[in-house]
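Student: no letters, just coordinates:
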């Protein structure tokens, strides 16, 4: 298995139906940490699978997705992410069925 990295995925989807579908898809890859923002722990293969799944849903001339690579899961992820107020629950890796 490849090295796991932490990604922050944020999206701005113009159509409510596509927004719901993107949100449902994202729940298979990570945990929501804010409205339209997910934290995902993925291998390179997992990132490609995520991108393929999202590419099939969004309209590229209307919607926007940002993926930020926070690097390997080396115990320093919390040093790279700062929260104010309520802290989201720790991410639990689950099986992904596509």
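Tutor: Looks like it arrived, so ask away. Nothing here was measured: the structure is a model prediction, and the numbers come from that model. Numbering: from 1, shown residues only.
Student: list phi and psi for residue 72.
Tutor: phi -70, psi 160 (degrees, to the nearest 10).
Student: low-scoring stretches of this protein, by residue?
Tutor: 1, 75, 77-78, 87-98 (pLDDT under 70).
Student: can you give me the strands for it?
Tutor: Per DSSP state E, the chain carries strands over the ranges 5-12, 31-34, 37-42, 64-72.
Student: check which helices and strands the third one sits against.
Tutor: Using 3 or more Cβ pairs under 8 Å, 6 or more residues apart in numbering; DSSP states H and E as the contact criterion, the neighbours of strand 37-42 among helices and strands are strand 5-12, strand 31-34, helix 44-55. Yep, even glycine has a C-beta here, placed from its N, CA and C like the rest.
Student: pairing partners for that strand, with directions?
Tutor: According to DSSP bridges, strand 37-42 forms sheet pairs with strand 5-12 (antiparallel), strand 31-34 (antiparallel).
Student: count the residues that sit near the closest residue to residue 43 other than its chain neighbours.
Tutor: Among residues not flanking residue 43 along the chain, residue 2 sits closest, at 3.9 Å (Cβ to Cβ, 6 or more residues apart in numbering). Number of residues near residue 2 (other Cβ atoms under 10 Å) recorded here: 10.
Student: quick one, what contacts residue 2?
Tutor: 43, 44, 45 (Cβ atoms under 8 Å, 6 or more residues apart in numbering).
Student: can you tell me the closest non-neighbouring residue to the second one?
Tutor: Going back to what we said before, that points to residue 44. Residue 44 sits nearest to residue 2 (Cβ to Cβ, 6+ apart), 5.2 Å away.
Student: returning to what we had before: deepest of the strands of the chain, which one?
Tutor: strand 37-42 (a mean of 20; mean count of other Cβ atoms under 10 Å).
Student: contacts for that strand?
Tutor: 4-10, 26, 29-33, 46, 50, 73, 81, 88, 91, 93.
Student: okay, angle between it and helix 44-55 too, please.
Tutor: 140 degrees (axes from the mean of the first three to the mean of the last three Cα atoms, to 10 degrees).
Student: tell me what angle strand 37-42 forms with strand 64-72.
Tutor: 50 degrees.
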